[in-house]
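Novice: need a structure here:
(chains A and B)
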Amino acid sequence: MSKDRKTSTGSGILTKIVRNQCFIPLIALLLLVAFNLIADPGFFKITLADNSAGNPVLSGFLVTILDSGSELAILAIGMTLVTAASGGQDISVGAAVAIAGSVLLRVLCGSNSRPETLQAPIIVAFLVSCLVAMLFGAFNGVLVAYFNIQPMIATLILYTAGRSIAAWVNNNELPVISEPSFKYFGEFIPGIPIPTPFFIAVACMIVIGLVLKFTDLRLYTEAVGINQDSARLNGLDPKVVKVLSFVILGVCVAVVGLIKVSRISTINYSVIAKDIEMDAILAVALGGNALSGGKFNMAASIIGAYVIQFLTTTLYKFHVQSDALPAYKAVVVIILVVLSAPKVREWLAGLSKRSMKKEAV
Amino acid sequence: MKKKIISMVLTACLCFSLTACGGGSEEASSTGTAAQEDSADSGDTAEGADDAAQEDSTSGGLIKVGIINNDPNESGYRTANDADLKANFTEENGYDAQFAYSKKNDEQISSAQKFIQDGVDYLLISAADTAGWDSVLQDAQDQGTRVILFDRVIDADESLYEAAIVSDMEKEGETAVNWLKDQGLDEYNIIHLQGQMGTAAQIGRSAALDKAVEDEGWNIVTQQTGDWNADNAQQIVQSVIDSKDSFNVIYAENDDMAKGAVAALDKANISHGVDKDVIIMGFDCNKWALEELFNKNWNYDGQCNPFQSEYIMDVIDKLENGEALTEKKIIMEEKGFDASTITQEDVDQYGIG
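Specialist: Just a heads-up that it's a prediction; the model follows:
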C-alpha cells in the first residue's frame, strides 16, 4: 500500500516534470550532452588563455556555444512574444538585422566609409539603429494588426527588400571600423574572460524577466493570442498589443545587429544573419510554445536557442558538412511537429494512462 | 458560415500575398539604383515595351544596349561590377544603356524579352541561372539583337551569342594553389572554407585545391562550407581550434570567410600572416582585404575581376567595325596578390568596395 502511494506520487512528480514546458528543450540538451560525453569528453574542456590582444579569455566548445547562441537567444525573446500575440512568425528578422547593422555603421562612419575615428559615440549609433529597427518592427506589426495580413506574409515584404535597404543605407559601400573598442560587443571586454554577447543576452533576459514580472505584458499578450475577441471585449486593444510585440522584437533585432556587426567590424549585406529567422522560430518551437499563439514560456524558448547552437556546434565538431546542417535541424523540426500534433498527444496520453493503470494493477 | 468566412479570409490573404511579393521584389530590385527598367514591372510587358520603343526611337547615333545584371546588393563584387558598367556605358561614350536587375532567372528572361522588343542593338546578360535561355536568345537572333554574355556562361548553343566574357574560377583556384605550393611549407594542414555549394566560384576554387591535395599529399584538417559567411567561418575554425587539431593554412573561398577565420585565430592567440604560424588565403580582392594583405596580416588574395566593361566594349567595337572575333569565350586576366609584394597602388586600383 505504502509502496503504491510512493510510486503514484513519484509518477506525479514525473508527470509534473514532463508537463513542464522546459522539459522538451532540456531533454534535447541532455541528449546532446550525453552524446558528446560519450563521443568525446574533451568537448566540455574549457581553457583560459590569452588572446592576440593579450587579454585572458576562456575558450572551448561550451564557451563557443554561449557566445554564438546568445544572438539567437536574444532573438528568441522577441520571437516568442510575436508568436504568442499574433499567432504567426516574423521571417524578416535576418533582413532587419542587416538593416540595423547597416544603420549602426552608417552613423558611426558618417559619410566616410573608412573613418579613422568614430563619427558618433557607439551608444548614439546603437540608439539610432534601435529606433530604425523598432520602426521596421512597427511596420510589420501594423500590417499584421491593422491590415490583418498573416504575419509570415506581412513580413515577407521586409524579408525580400530588407537586405537591399541595408545596402542602400550605406550606398552599397562596405564600411570598416578600425576603432578597437567597437569590437568589445562581439568579442571580449579587456580583462573579462567571458564573451560579451553572453552578458548582453543575460541583460536582455533580466530585462524581459522583470518586464514580464512587473507589468501586464504577459497577461495581455497571452489574452490576445488565445482569443483576441474576448481580449477586446475585456477592454484590451489587440492591435496595440500585437504591434508592441513586433516593436519589442525590433529592439532585439537591433541588439543582435550590434553584436553581429561588432564581431567582424564590417558588414556583408547579403549574408549577415542569414536564415537566422528560421533558427529563432525553431527556438520558439523547441521551447514547446504553440506556434499558433497564446500561452508562452520565455525560459523554454531561451533554452531552446542555446540547444540549437549546441546542436550546430556539435555538428561542426564532428565535421558534418555545414550545408547539411539545415537537414539535421529539419529532423528536429519534424520530431517536434509530430510530437505536438494533437493526435500524437492523445495517443501518448493514452499510453501513459494505460501504463499507469498497469502499474496500479 | 464560419467556414465561409475563413475561406474568404484565406483567399484575401492569398491575393494580398501576391501583391505583397510583387511589391517586395520591386523594391528590392530598384533600391539605390537609377534603374530605368524595373524587372518587377515586367508583368505589363506589352504596354511598357510600346512606350519605351517610342521613347527610344528618338535617341539617334547612340548604340543601344540593354544590360541585365544580378542584384547589385548581392555582394561587393556585384556592386563593383554594376558601378563599372554604369561608369562606362554612358552617353559620353556613345551608349544608350538600359539596366535591369534581378536575381531570379524568369524575371531576367522577361526583362530580356522587353529589351528585345525595345529593339536594343546589344543585349548584355549576366544570368542568374544557366538554364532556360534558349528561346529568348533565339528571339534575339531573329530580331537582329546581338547578345554578349558577361560574368556567367549560359547553357545554350554557342551560335546564339557573340561572346562570353567570364572569369575562369578554376584558374583562379589554380593560381592560388600554385602560390601555396611555392611557399614550400614542411607540411600542409589546411582548413578549407568553401563557398555556397554548387556556385561556380565554389566549384572552381574547390576543384583546384582538391586536386593539389591529391597530387601533393597535403592534409585537409576540415573542409566545410561557410556559405560565404564570416560568422559560419568563424565557428568552423573555432571548432577546429577547440578540438586542438593543428593547422597552418586557411584557404577561404572569399574574403568574408577569411575574415571570420582570422577572428577565431585572434581569439585563440594564433598568429597569422607573413612569416607567422598560419597562412591566410582569401578571394575577391575587397579593398579591406587587400589592406589586410598590405599590413601583412593575411598572405594571399585572389582576384575575381569585376571590371568587365572594357572587355565588353572591346567586343562591341570589333563587332561594329565588322571584325571577326577570334574566340567566343573571353577569359579575363585575373591576378593573385601576395602580401610580401603588394603595393598601395594595387590596393587602390584593384580593391573593390
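Novice: under the pLDDT cut-off, which ranges of the chain? List them.
Specialist: With no chain named, the answer covers chain A. Along chain A, the parts satisfying pLDDT under 70 run over A:1-14, A:16-19, A:322, A:340-342, A:356-361.
Novice: please go with chain B instead
Specialist: In chain B, residues with pLDDT under 70: B:1-60.
Novice: show the contacting residues for the closest residue to B:Ser206 other than its chain neighbours.
Specialist: Nearest residue to B:Ser206 in three dimensions, chain neighbours excluded: B:Gln194, at 5.6 Å (Cβ to Cβ, 6 or more residues apart in numbering or on different chains). Glycine gets a C-beta too; all of them are placed from N, C-alpha and C. Residues in contact with B:Gln194 (Cβ atoms under 8 Å, 6 or more residues apart in numbering or on different chains) are B:Gln202, B:Arg205, B:Ser206, B:Gln223, B:Gln224, B:Thr225, B:Gly226, B:Glu253.
Novice: try A:Phe318
Specialist: With Cβ under 8 Å, 6+ apart, A:Phe318 has these contacts: A:Ala39.
Novice: roughly how far apart are A:Ile200 and A:Ile123?
Specialist: 13 Å (Cβ to Cβ, to the nearest Å).
Novice: more neighbours: the two, which one.
Specialist: A:Ile200 (21 against 8; other Cβ atoms under 10 Å in any protein chain shown).
Novice: tell me if I'm right that that one and A:Ser70 touch.
Specialist: Yes. Contact criterion Cβ atoms under 8 Å: A:Ile200 and A:Ser70 qualify, at 6.6 Å.
Novice: overlap in contacts, those two.
Specialist: Between them, A:Ile200 and A:Ser70 share the contacting residues A:Ile259, judged by Cβ under 8 Å, 6+ apart.
Novice: what sits against residue 109?
Specialist: With no chain named, the answer covers chain A. A:Pro115, A:Leu118, A:Gln119, A:Asn170, A:Pro175, A:Ile177.
Novice: looking at chain B here, not the other one
Specialist: Going by Cβ under 8 Å, 6+ apart, the list of residues near B:Ile109 reads B:Gly132, B:Trp133, B:Val136.
Novice: hang on, it in a helix?
Specialist: Yes. B:Ile109: assigned to a helix according to DSSP: H, G, I helix; E, B strand; the rest coil.
Novice: buried subset of the contacts of B:Gln194, written for ChimeraX?
Specialist: Restricted to buried positions by 16 or more other Cβ atoms under 10 Å in any protein chain shown, the ChimeraX selection for the contacts of B:Gln194 reads:
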select /B:202,205,206,223,224,225,226,253
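Novice: in strands, which of the contacts of B:Gln194 appear?
Specialist: Residues of the contacts of B:Gln194 located in strands (DSSP state E): B:Gln223, B:Gln224, B:Thr225.
Novice: so in terms of bridging, what pairs with the last one?
Specialist: When bridges are called by DSSP bridges, B:Thr225 pairs up with B:Gln194.
Novice: okay, which residue is most central for chain A?
Specialist: With distances taken as Cα atoms, centre = their mean, the residue of chain A nearest its centroid is A:Ala76 (2.4 Å).
Novice: hmm, A:Ala305 and it touching each other?
Specialist: Yes. A:Ala76 lies in contact with A:Ala305 (Cβ under 8 Å); the separation is 4.2 Å.
Novice: quick check: neighbours shared by those two?
Specialist: A:Ala280, A:Ala283.
Novice: quick one, helices of the stretch 151-300 of chain A?
Specialist: For the stretch 151-300 of chain A, the helices defined by DSSP state H, counting those that start in this stretch occupy A:151-169, A:196-214, A:217-226, A:228-233, A:238-264, A:276-286, A:298-317.
Novice: now tabulate those helices in CSV and tack on distance to chain B.
Specialist: Output for the helices of the stretch 151-300 of chain A, formatted as CSV (distance: least, Cβ to the nearest Cβ, whole Å):
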stretch, distance to chain B
helix A:151-169, 3
helix A:196-214, 12
helix A:217-226, 18
helix A:228-233, 13
helix A:238-264, 5
helix A:276-286, 9
helix A:298-317, 4
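Novice: need the ones you listed in TSV (columns: distance to B:Leu62).
Specialist: Shown next, in TSV, are the helices of the stretch 151-300 of chain A (distance: least, Cβ to Cβ, whole Å):
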stretch	distance to B:Leu62
helix A:151-169	29
helix A:196-214	54
helix A:217-226	60
helix A:228-233	60
helix A:238-264	43
helix A:276-286	46
helix A:298-317	54
